[in-house]
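Chemist: test case, fold it:
(chains A and B)
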Amino acid sequence: MSIRTEPLIGVTRARPRRRPASLAAWLDREPVFSWLMMTAPILFLAAFVGYPFVYGILLSLQDRPVAHVGTFVGLKNFVRDFNDPIFWRVAVNTFVYTGVATLLKMIGGLALAVAMNQNFRMKNLVRAVLLLPFIVPTVLSTVAWMWMLDPAFSIFNWFLIALGMPKPGPSWLGNPTLAMASIIVINTWRGLPFYGITLLAGLQTVPPELYEAATIDGASGWQRFRYVTLPLLQPIILIVTLFSVIFTFADFQLVYVLTHGGPQNATQLFATYAFDIGMGAGQLGLGASVALTMLPALALLILALTLYMRRQ
Amino acid sequence: MVTGHTRLEQAVRVWLPVGFFLLLALFPFYWMAITSVKPNAELYNRNMMPLLVHNPTLKHYVGLLTETSFLLWTWNTLLVAVISTAISLVLGTMLAYPLARMRFAGAGLIAMTVAAIYLVPQPLLFLPLADVINRLDLGNTLTAVILTYPTMLVPFCAWLLIGYFKTVPKELEEAARIDGASRFQTMRRVFLPLCTPGFISAGIFAFTLSQNEFLYALIFLTKSSVRTVPVGVIAELIRGDVFYWGQLMAGALLGSIPVALIYSFFVEHYVAGLTSGSVKG
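Modeler: Here you go, the predicted structure:
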């Protein structure tokens, strides 16, 4: 460090500067410049992410009705969560939702990427259009789905009845299993383009020579996919999947808008349940404890993803 | 023979799967659009073929624009999105430049923390944050969301920009330094003007993310005059158990248009950001 800055100080001394040379030189030292630059964003994030995070942990240890002073109750909120049958229902729901939706997005996304990785006209336009579900605000597209799944006027039921199913057809959001299937399908619909287009970018980096070599060696289409494409895509698949798992696991808006967690908590997820308890019932402490039960799983996922990305 | 496909075979191989994905992606929007122009008599008639509009009407749009505060919500949404995107780009750059270019103790730790914060989902923070906003007396002000959206946007922009900054060659900065420019001058005058594509990518992403945000807006904005489009649509077009489907669909469609427009102008930047953002770090 000193070796690099020494001649610089010499240079600044030799010529007259607007600022005192020593201060200017000090400000131009890499650590000083860096930390000064980062001060504002770090303070901002400490105030609005760091502090609420710590405060959330304290809140989860309190009995804290809204607009009242909290009293410290230790781990009582967590004990209450673990004895609450709905909490376990929520945990199972969240894992099913995350697992199935992620799997569907992965398979569908791979299929989309492979289909798009051919030469055809208007490819860029198609790619742009395919991303629409991902960029349109979730709440607004979910409202459209809600109407498509309406108990009386569902377009799917219109098709099913036209095909001979007895009226009124399935109650998509009234039946617990169908409601879960519905939120999974909509989450997949929204997230699939992200998978597909990211994987497509990965596919385009695979050198064509590899496919040619595999073809000459007699590999079938499936074998080329299995032994050439998949291994090369593996790092991207892993990263996209971790991403998707994190944000599906903590999903809120889709479920809040479509089912409010119903029927009978069949689609209640951690985030919507924490919202119901914290905001709906005004039990801030208990709600914070429900939200924090997501932390161990999330922390593991986030750590895995950050470490993996650093290694890349 | 690999090249033995006829044109027809080729077209089927491409358009059968691609057409399926296009249909899947676009049908909800088609449904949104035709519902919004159907008169109620058609909307709630189970015997009419629902895929087509028989007597199109703009009644729902007129209703939406005159009976609700939809235009105000749209203005609020755009205002919040623009300001929080601007804040996030500035603060994000202030984090990204040192992390991408300087060597100093603690850089690795800060970079990891920034990445981790980006990945922390809102539901983990919304309850304590609601209390913080209440204590700051910011409930029902746009400031509440302008301050909180950057909590997810700053780490995101920083992270995307670090990736972009690293792809810019160092020679120009080194030349400027040799010419006697300070580090700050080098950054502002020499380096940042080279990074416009990176800023566009990060900006578009931040903009669409803030348009999409729902949880904080739902909690902090409970008065109609300060609501954003997603919250306004959910809170005021669904009154009790009564759904105004025509207006809901009109609102959903109009609410999607600003994002879709911005996106269509910068789609290449968006895709570049999407694919680099998750692959590089």
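Chemist: low-scoring stretches of the stretch 1-150 of chain B, by residue?
Modeler: B:1-5 (pLDDT under 70).
Chemist: where do the domain boundaries of the chain fall?
Modeler: All of this refers to chain A. Domains of chain A are assigned by automatic domain parsing as A:2-60, A:77-311.
Chemist: could you do chain B instead?
Modeler: As assigned by automatic domain parsing, chain B contains the domains B:2-36, B:60-279.
Chemist: now the domains of chain A as TSV including mean pLDDT and distance to chain B?
Modeler: C-beta here means a position set from N, CA and C on the backbone, and glycine is covered the same way. Converted to TSV, these look like this (pLDDT from 0 to 100; distance: least, Cβ to the nearest Cβ, whole Å):
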stretch	mean pLDDT	distance to chain B
domain A:2-60	78	4
domain A:77-311	91	3
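Chemist: quick one: the strands in the stretch 201-312 of chain A, in order.
Modeler: Assigned by DSSP state E, counting those that start in this stretch, the stretch 201-312 of chain A shows no strands.
Chemist: quick one: the strands in chain B, in order.
Modeler: B:238-239, B:242-243 (DSSP state E).
Chemist: now the first one: mean pLDDT?
Modeler: The average pLDDT within strand B:238-239 is 76.
Chemist: is any part of that strand close to chain A?
Modeler: No: Strand B:238-239 lies apart from chain A when judged by Cβ under 8 Å from any Cβ of the partner chain; the minimum separation is 8.7 Å.
Chemist: now what about that strand, what contacts it?
Modeler: By Cβ atoms under 8 Å, 6 or more residues apart in numbering or on different chains, the list of residues contacting strand B:238-239 from outside reads B:Tyr244, B:Leu248.
Chemist: can you redo the strands of chain B as a markdown table with distance to A:Asp81?
Modeler: Formatted as a markdown table, the strands of chain B follow (distance: least, Cβ to Cβ, whole Å):
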| stretch | distance to A:Asp81 |
| --- | --- |
| strand B:238-239 | 30 |
| strand B:242-243 | 34 |
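Chemist: okay, those strands in CSV with mean neighbour count next?
Modeler: Output for those, formatted as CSV (neighbours: other Cβ atoms under 10 Å in any protein chain shown):
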stretch, mean neighbour count
strand B:238-239, 12
strand B:242-243, 12
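Chemist: buried deepest among the domains of chain B, which one?
Modeler: Highest mean neighbour count among these (mean count of other Cβ atoms under 10 Å in any protein chain shown): domain B:60-279, with a mean of 20.
Chemist: pretty sure A:Gly278 sits against A:Thr272.
Modeler: No: in this structure, A:Gly278 is not within contact of A:Thr272 by Cβ atoms under 8 Å, at 10.7 Å.
Chemist: in whichever strand or helix holds A:Leu178, what counts as buried?
Modeler: Element membership for A:Leu178, per DSSP states H and E: helix A:176-203. Neighbour-count burial for helix A:176-203, with 16 or more other Cβ atoms under 10 Å in any protein chain shown as criterion, is recorded at A:176, A:179-180, A:182-203.
Chemist: likewise for stretch A:34-53?
Modeler: So, applying 16+ other Cβ under 10 Å, buried residues of stretch A:34-53: A:34-35, A:37-38, A:41-42, A:44-45, A:48-50, A:52-53.
Chemist: to A:Tyr256, which of the domains of chain B lies closest?
Modeler: Among the domains of chain B, the nearest to A:Tyr256 by Cβ to Cβ is domain B:60-279 (7.7 Å).
Chemist: can you give the distance of that closest one from its chain's centre?
Modeler: Between the centre of domain B:60-279 and the centre of its host chain there is 7 Å, according to Cα atoms, centre = their mean, to the nearest Å.
Chemist: check contacts around residue 130.
Modeler: You didn't say which chain, so I picked chain A. Shown in contact with A:Leu130 (Cβ under 8 Å, 6+ apart): A:Leu112, A:Met116, A:Pro193, A:Gly196, A:Ile197, B:Phe21, B:Leu22, B:Ala25.
Chemist: wait, chain B
Modeler: Counting by Cβ under 8 Å, 6+ apart, B:Ala130 makes contact with A:Gly278, A:Met279, A:Leu284, B:Ile219, B:Phe220.
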